[in-house]
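In: Requesting a structural model of the entry that follows:
(one chain, ligands or ions: 1)
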Amino acid sequence: MSIIKGFHHLTACVSGAQEDVDFYVKLLGQTLVKKTVLLDGEEPVYHLYYGNARGDAGTLVTSFPFKQKGVKGRRGSGQIKVINYSVPRDSLEFWRERFSAKGVAFDKDVVERFDERRQRFQHPCGIEFDLVESDRDARPPCSASDIPEQFAIRGVHSITLSLREVAESIIFMQEALDFRYAGQSGPYHRFETADGAPGTVVEFIHEPDRLQGSSIYGEGTIHHVAFAVDNVEQQMLIKDKLMSMGHIDTSESVNRNYFRSMYFKMPGGVMFEAATTDIGFAIDEAPGHFGSEFQLPPWLRERKNELLGRLEPIAV
Ligand SMILES: [Fe+2]
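Out: Numbers count the residues shown, from 1 in each chain. Model prediction:
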């Protein structure tokens, strides 16, 4: 059994905080699972977690609204290019009408790849998303009053990495991370782990002529992907394996309050993370009340009012 169970979360640097909440909650029907701050650096930046109401790993996409810092990222290769959400079969028409009615930028044509229909649309900060239809997703729908369950998002389907070179990365996915090579379609390469259902799929797009994107925090770019592992022991097994293969660009296990993280760079330059599922979001809010209050880790709680006062107010 593979150590990686699928996705834990994806993290993007977006623009404004309120437009981000409106995009995930009001447009896509996600729950704001946690409202906290970025745990690196002195100046506070929100860290907003969205997913299903239970905050399950594999449904989570998180945002750093970077507009207040005025630091813009550059999209390019060596980055995650597209966040792909999973929806049931025959739901793209509902979403196309919804995007149209709400003035969301979306592509004219539905495309098909690896036998799955997909619809491209855009976050207000320019980050690209696909809705991908699958009848293999057994996860509960992300419920919202104006989105019928038969069309609702089930969680993250996959990520699409833009890479200038793919040879080393293809080997890395299989030998270092135990993904299976699941096929090629034009410039796309697909990998799957566990049962290969939505939530366990990684895709490369080979773009040899695309300039390298930025990799530090900057508005308009997807910063990293976190894969789910059970606990720190399992996380360290991945670290040991990476180190033994010469991939020494790995971090220690870092305390992220709701999980522990170990970061590493894959050969194509994209930041990967292994995040543990053994802690979770119920440590400071009861299930059913996730995201209702601004939360801080114990070592920052004394500064709650000061930090909140320096952030853009948001309403859900
Ligand atoms: Fe992360």
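
In: Any residue of the strand or helix carrying Ile222 touching the ion?
Out: Element membership of Ile222, judged by DSSP states H and E, is strand 221-229. Yes: using CB under 5 Å from the ion, we find that strand 221-229 touches the ion at Ala226. For glycine as for every other residue, the C-beta is placed from the backbone atoms N, C-alpha and C.

In: So which residues on this protein come close to the ion?
Out: Counting by CB under 5 Å from the ion, the chain sits next to the ion at Thr11, Ala226, Glu273.

In: Which residue would be the closest one in the stretch 1-150 of the chain to the ion?
Out: Thr11 (4.8 Å; CB to the ion).

In: who's in contact with that residue?
Out: Val61, Thr62, Ser63, Phe64, Ile222, His223, His224, Val225, Ala226 (CB atoms under 8 Å, 6 or more residues apart in numbering).

In: before we move on, back to that, mean confidence for the strand holding Ile222?
Out: Strand 221-229 carries an average pLDDT of 98.

In: Counting by contacts, list what the helix or strand immediately after it in the chain packs against.
Out: Where DSSP H and E defines the elements, the next helix or strand beyond strand 221-229 is helix 232-244. The contact analysis (3 or more CB pairs under 8 Å, 6 or more residues apart in numbering; DSSP states H and E) places helix 232-244 against strand 260-265, strand 271-276.

In: residues in contact with the last one?
Out: What it means is strand 271-276. 3-4, 8-9, 57, 215, 223-232, 234-235, 238-239, 256, 259-266.

In: now Tyr217, nearest residue through space, not along the chain?
Out: Spatially, and ignoring its direct neighbours in sequence, Tyr217 is nearest to Cys13 (5.2 Å; CB to CB, 6 or more residues apart in numbering).

In: can you give me the helices for the stretch 51-200 of the chain?
Out: Secondary structure of the stretch 51-200 of the chain (DSSP state H, counting those that start in this stretch): helices located at 92-102, 167-175.

In: nearest to Arg310, of those?
Out: helix 92-102 (30.7 Å; CB to CB).

In: Put the alpha carbons of that closest one into CSV.
Out: The C-alpha trace of helix 92-102 is given here as CSV (Å, rounded to 0.1, in the frame of the first residue of the first chain):
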residue,chain,number,x,y,z
LEU,A,92,-20.8,20.6,-16.9
GLU,A,93,-23.8,22.2,-18.5
PHE,A,94,-25.1,23.3,-15.1
TRP,A,95,-21.7,24.9,-14.3
ARG,A,96,-21.4,26.6,-17.7
GLU,A,97,-24.8,28.3,-17.2
ARG,A,98,-23.8,29.2,-13.6
PHE,A,99,-20.5,30.8,-14.8
SER,A,100,-22.3,32.7,-17.5
ALA,A,101,-24.9,34.0,-15.1
LYS,A,102,-22.3,35.1,-12.6
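
In: related to what we said a few turns ago, would you turn the helices of the stretch 51-200 of the chain into CSV with mean neighbour count and mean pLDDT?
Out: Rendered in CSV, the data for the helices of the stretch 51-200 of the chain read as follows (neighbours: other CB atoms under 10 Å; pLDDT from 0 to 100):
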stretch, mean neighbour count, mean pLDDT
helix 92-102, 15, 98
helix 167-175, 16, 98
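
In: Switch the ones you listed over to a markdown table; also include distance to Gly78.
Out: Formatted as a markdown table, those follow (distance: least, CB to CB, whole Å):
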| stretch | distance to Gly78 |
| --- | --- |
| helix 92-102 | 29 |
| helix 167-175 | 10 |
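
In: quick check, the residue nearest to Tyr217 in a helix?
Out: No: under DSSP: H, G, I helix; E, B strand; the rest coil, Cys13 falls outside any helix and is assigned strand.
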